[in-house]
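[1] would you be able to build a 3D model of this:
(2 chains)
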Amino acid sequence: AQSVTQPDIHITVSEGASLELRCNYSYGATPYLFWYVQSPGQGLQLLLKYFSGDTLVQGIKGFEAEFKRSQSSFNLRKPSVHWSDAAEYFCAVGGEGNMLTFGGGTRLMVKP
Amino acid sequence: DTGVSQNPRHKITKRGQNVTFRCDPISEHNRLYWYRQTLGQGPEFLTYFQNEAQLEKSRLLSDRFSAERPKGSFSTLEIQRTEQGDSAMYLCASSSTGLAGTQYFGPGTRLLVL
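    The predicted structure is shown next:
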């Protein structure tokens, strides 16, 4: 069965500081990996995805993520956080065309 | 491209009542998914359609839940005899088929059962 673990429930960073959100997955085949962001009371917006190829993927809003097969990880990074990045971030794993399995999410707070 | 839309955005109902939610996917997408998200948790898969065929259902989808996509376009999710435990955000997503089938989510319908 597929699963996703996001070890950090809450993270607080200062504006302008760098950010790394952790994601570990379990999946029997080659995974498709995603990061979504959710603002309060809203749906999910896709930040980036990994299907194959280059293990460092670039997304919107200056985010990037690196797929490390040996560590079963897909951590999200941003070099300089903005106050508008405060939100909840979800990592997800899936195969072609079928359901996504999400982690429990990491709530990001940004200090001025 | 108008994105995925969901109606209503909010629904308050009394325990035991039936509710129905609607999802309109991105027009060229033939796959449609329903997820449920409870407070402080990630979304959990409920069911998905390819065109009008319902291809997969989660064990979370009890007999009180039914989903349809009669013409392969919009979909409805009905909950009969609602219970307080049904209170959640119900999210719809759509995708195209193939390797590029990334799921795009709607804004969700928040259900509160009193």
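[2] please make it C-alpha for all contacts and neighbour counts, starting now.
    Will do.
[3] and stretch A:28-40, how far out from the chain middle?
    The chain centroid and the centroid of stretch A:28-40 are separated by 6 Å, computed with Cα atoms, centre = their mean, to the nearest Å.
[4] one more: stretch B:73-85?
    So, by Cα atoms, centre = their mean, the centroid of stretch B:73-85 is 8 Å from its chain's centroid.
[5] what do you get for stretch A:80-100?
    4 Å.
[6] try stretch A:40-48
    On Cα atoms, centre = their mean, the centre of stretch A:40-48 falls 11 Å from that of its chain.
[7] partners of the helix or strand harbouring residue A:66, with directions?
    Assigned by DSSP states H and E, residue A:66 falls within strand A:64-68. Note on strand A:64-68: by DSSP bridges, its sheet partners are strand A:56-58 (antiparallel), strand A:73-78 (antiparallel).
[8] what comes up buried for it?
    A:64, A:65, A:66, A:67 (16 or more other Cα atoms under 10 Å in any protein chain shown).
[9] in CSV, list the residues you listed along with distance to residue B:74 and pLDDT.
    Putting these into CSV (distance: Cα to Cα, whole Å; pLDDT from 0 to 100) gives the following:
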residue, distance to residue B:74, pLDDT
A:64, 34, 97
A:65, 33, 98
A:66, 36, 96
A:67, 35, 94
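[10] let's have these in CSV, adding distance to residue A:30.
    Listed next are the buried residues of strand A:64-68 as CSV, based on distance: Cα to Cα, whole Å:
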residue, distance to residue A:30
A:64, 20
A:65, 17
A:66, 15
A:67, 11
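[11] next, the spatially most central residue of chain A: secondary structure please.
    For chain A, residue A:35 is the residue whose C-alpha lies nearest the centre (Cα atoms, centre = their mean; 3.6 Å). State at residue A:35, reduced to three classes by DSSP: H, G, I helix; E, B strand; the rest coil: strand.
[12] surely it and residue A:46 touch.
    Yes: with contacts counted by Cα atoms under 8 Å, residue A:35 reaches residue A:46, the gap being 6.3 Å.
[13] distance check, the residue lying farthest from the centre of chain A against residue A:69.
    The C-alpha centroid of chain A is most remote from residue A:112, which lies 22.9 Å away (Cα atoms, centre = their mean). Note on residue A:112: its distance to residue A:69, by Cα to Cα, to the nearest Å, is 36 Å.
[14] and if you look at residue A:35?
    16 Å.
[15] how about residue B:26?
    Taken as Cα to Cα, the span from residue B:26 to residue A:69 is 33 Å.
[16] neighbour count: the two, which is higher?
    Under the criterion of other Cα atoms under 10 Å in any protein chain shown, the comparison of residue B:26 against residue A:69 puts residue B:26 first, with 23 against 12.
[17] SS state for that one?
    Assignment for residue B:26 (three-state DSSP): coil.
[18] ok, now which ones touch it?
    By Cα atoms under 8 Å, 6 or more residues apart in numbering or on different chains, the contact set of residue B:26 is B:1, B:2, B:3, B:4, B:94, B:95.
[19] which ones are touching the second one?
    Contacts here follow Cα under 8 Å, 6+ apart; on that basis residue B:2 touches residue B:26.
[20] and what of the fourth one?
    Each residue near residue B:4 by Cα under 8 Å, 6+ apart is listed here: B:23, B:24, B:25, B:26, B:92, B:93, B:94, B:104, B:105, B:106, B:107.
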